[in-house]
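In: Got a predicted model here, sequence first, then my questions.
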Amino acid sequence: MKWLGLVLLFIGLSTAIAVVLSFSIPYYLLHNVTLVNTISTIIPIVVIVVSVVYFRKYLQSHNPVTPFMRISITILPDSGQPIDEKYIKNFEANLKFVKGEEYIKQLAMLGMMYLQNAIAYDNKDLYLKAKGYLSRAEEAMKDRSVSLETRLLVDNLRSKIETYKYKILNFLPAYCIQPREIIPSFPC
């Protein structure tokens, strides 16, 4: 319901004002019906286009859930499918508008997205970004009490980061550096 009020505010109100003003002012000043009809057609179209552009920018910056702008992505690092970088950047831009527990959830989600791309592209920099988002989420959790769902999101990110550490960083654990004869039971 919130999005409907936003549509009416951004597009409906501005279009209504443009229609009234673009017809009445030229009609009373110029007394030329043909010119008034032309102006009253062109101006509302321009106002609608500008309103839609600003409305989309508002939606991207404030990220409300709307039925006509849903984007469905699967965040599953095990899938090996990358997430579009543009979507991640939009998600990052929206982070500055979020507060409280939702901020921690979005940090964990961003970490998971960067981890998924790190796995898909085998990129150490993206892996380190994911670790950075994990540390930011853990730091934000220290200051407040959070729900179980948020805590599970952060714990899941920590677990996934630890799981893929050796694959992404091409890093062998310390016990694997030793010769096999010393520790034959550990598969390296």
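Out: Everything's here; your move. Numbering: from 1, shown residues only.

In: what's the weakest-modelled helix or strand in this structure?
Out: helix 174-177 (a mean of 48; mean pLDDT, DSSP states H and E).

In: C-terminal to the helix or strand harbouring residue 27, what's the next element?
Out: Assigned by DSSP states H and E, residue 27 belongs to helix 13-30. Using DSSP H and E, the helix or strand that follows helix 13-30 towards the C-terminus is helix 33-62.

In: What's the local residue count around the nearest residue to residue 147 once chain neighbours are set aside?
Out: The shortest distance from residue 147 to any residue other than its chain neighbours is 6.5 Å, reached at residue 101 (Cβ to Cβ, 6 or more residues apart in numbering). Placement of C-beta: from N, CA and C, glycine included. By other Cβ atoms under 10 Å, the residues close to residue 101 number 16.

In: Next, the buried residues of stretch 49-62.
Out: 51, 55, 59 (16 or more other Cβ atoms under 10 Å).

In: Helix or strand for residue 160, just tell me which one.
Out: helix 148-169.

In: Centre-most residue in this protein?
Out: residue 91 (1.9 Å; Cα atoms, centre = their mean).

In: where does residue 146 land in three-state SS?
Out: coil (DSSP: H, G, I helix; E, B strand; the rest coil).

In: So for it, what's the nearest residue that isn't a sequence neighbour?
Out: Per Cβ to Cβ, 6+ apart, closest to residue 146 is residue 101, 5.3 Å.
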